[in-house]
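Enquirer: sequence plus the predicted model coming up.
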Amino acid sequence: MRPSKVLWWLSGRSPGIHNQGRICLIVPDLADLAADLENTAIRAELDKIGTVSLLDQTGVDAGEEDWNVYNLIVVGSNAHAAFVMANLDDLILLDKPIMVCNADVAEHLLMGTEAAQSTSDVNEFCETIDNRVMQLVFGATGEQVLFDSAQVSDRLDMSDADLTEDILMVDTTGDGAALVVVGWMPKTDPEGEPYDLNDGSPIPCGRLFAGCFVHADHLTALGQELLEVLARNFAQAHIDITEVSLKGAYQEQIPDSDFALAAIDTVHTVDPPACDAENSVVDIDQKTGRTYVLRSLWVNVTDFGTGDTLTFELWVLLNGVVTSVDSVVVNALGIQNLMDLFGLPEVHANGIWVTVITDVGNTGACSGTYNYAEAKK
């Protein structure tokens, strides 16, 4: 959770840039927009905070849209017409803030799992961040009447262990991460470490699920204000200086990783990345869109057991395949570093592993530490 940022972000008092931005509203069928009352209503609220461009879902699939001109992407309602998920694949890893107003698309974008629609016909209940969100935005906490007639919200199950989200609204008191009506997914933690999507891959940019706008044509004035506040501050958060990150720069790992092996045997039954624990020295696993550098490795060879040597082996990803690229036999006790072992000051790859085996028995021993850094697209 990042309450300090979330609180100013929701309160409408962003310290960032306050000029109007450009917003792309993606709809299922642009030719039928006049009959699509839900997305017409979403557009009306977005028009209050910026310049809105409308895009048919097939325009996303065409791959010709210049996303860099937008401060915010909004995927609209699917109440009038459906989205075809294959048309929206390019949004999954798009490095732009995306606000999604229906659970079907949110699931496809790996933001969670679609849950049953809410059972409430009128009220939605806000209870998170010490119950202060609605107090800051609207001056009141508890149940808020968002619809002017009986409607239901889309809900998303955001309870997956890979997800880190701030739950802003739920359907009723007691609902949690499995029944989210509005949920904010930040890109990084307070230390700058990236969070993940539902499949464990790094989230490319902030994501906002807002299932209470699936029936935006029935919003009360309060509901309309909520849509405006969320969209405006989400767009501003993206261009605020506190959100800027250096693409391609390495994020150093702190602290170092220590290891201590006391049962090194003669063979690892499985190659990396699932190597036997007793033979694994360095394990920097691959993740989509990331590359790594092994900065340093220090190994103290303390015991050959019943044998005479330890053999250290370096593995990296070559063309997507984990491959052994070097090995060295150590026949003297004492400390070795990365240069001693493999003649390299550093190792750069999309996945890096070092394994060790002994020539006899299963009681070889070594200990040490390594440090790495990672970069993302």
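Expert: Ah, there it is. This structure is a prediction, so every number in the text was calculated from the model and none was measured.
Enquirer: can you give me how far the longest helix along the chain is from the chain middle?
Expert: Assignment by DSSP state H gives helix 221-239 as the longest helix of the chain. Averaging C-alpha positions (CA atoms, centre = their mean, to the nearest Å) puts helix 221-239 21 Å from its chain's average.
Enquirer: next one: stretch 94-109
Expert: 12 Å.
Enquirer: ends of that stretch, what's the gap?
Expert: Criterion CA to CA, to the nearest Å; first-to-last residue distance in stretch 94-109 is 10 Å.
Enquirer: enumerate every residue touching Ala235.
Expert: Going by CB atoms under 8 Å, 6 or more residues apart in numbering, Ala235 touches 21, 23, 49-50, 71-72, 97. The way it works is simple: take the backbone N, C-alpha and C, and place the C-beta from them, glycine included.
Enquirer: with Gln224 instead?
Expert: With CB under 8 Å, 6+ apart, Gln224 has these contacts: Glu45.
Enquirer: in three-state terms, label Met111 for me.
Expert: coil (DSSP: H, G, I helix; E, B strand; the rest coil).
Enquirer: pull the number of nearby residues for it.
Expert: 27 (other CB atoms under 10 Å).
Enquirer: distance of it relative to Asp160?
Expert: 10 Å (CB to CB, to the nearest Å).
Enquirer: can you check Phe213 too?
Expert: Taken as CB to CB, the span from Phe213 to Asp160 is 23 Å.
Enquirer: between those two, which is the more surrounded one?
Expert: The neighbour comparison of Phe213 against Asp160 (other CB under 10 Å) goes to Phe213, with 32 against 19.
Enquirer: got the contact list for the more buried one?
Expert: 42, 77, 101, 219, 223, 227.
Enquirer: and the two most separated of those?
Expert: Largest separation among the contacts of Phe213 by CB to CB: Ser77 and Gly223, giving 13.1 Å.
Enquirer: looking at those two, which is more packed in?
Expert: Per other CB under 10 Å, whichever of Ser77 and Gly223 has more neighbours is Ser77, with 26 against 23.
Enquirer: which residues are contacting the one helix or strand Met339 maps to?
Expert: Using DSSP states H and E, Met339 sits within helix 338-342. With contact meaning CB under 8 Å, 6+ apart, helix 338-342 is reached by 294, 296-297, 299, 312, 314, 326, 328, 330, 344-347, 354.
Enquirer: in it, what counts as buried?
Expert: 338, 341-342 (16 or more other CB atoms under 10 Å).
Enquirer: which residues does the helix or strand following that helix contact?
Expert: Elements were assigned by DSSP H and E; along the chain past helix 338-342, the next helix or strand is strand 347-349. Defining contact as CB under 8 Å, 6+ apart, one finds that strand 347-349 is touched by 291-294, 314, 316-317, 338.
Enquirer: overlap in contacts of Met111 and Asp160?
Expert: Shared contacts of Met111 and Asp160, counting by CB under 8 Å, 6+ apart, come down to Asn198.
Enquirer: return the distance of stretch 197-206 from the chain's centre.
Expert: Worked out by CA atoms, centre = their mean, stretch 197-206 lies 3 Å from the chain centre.
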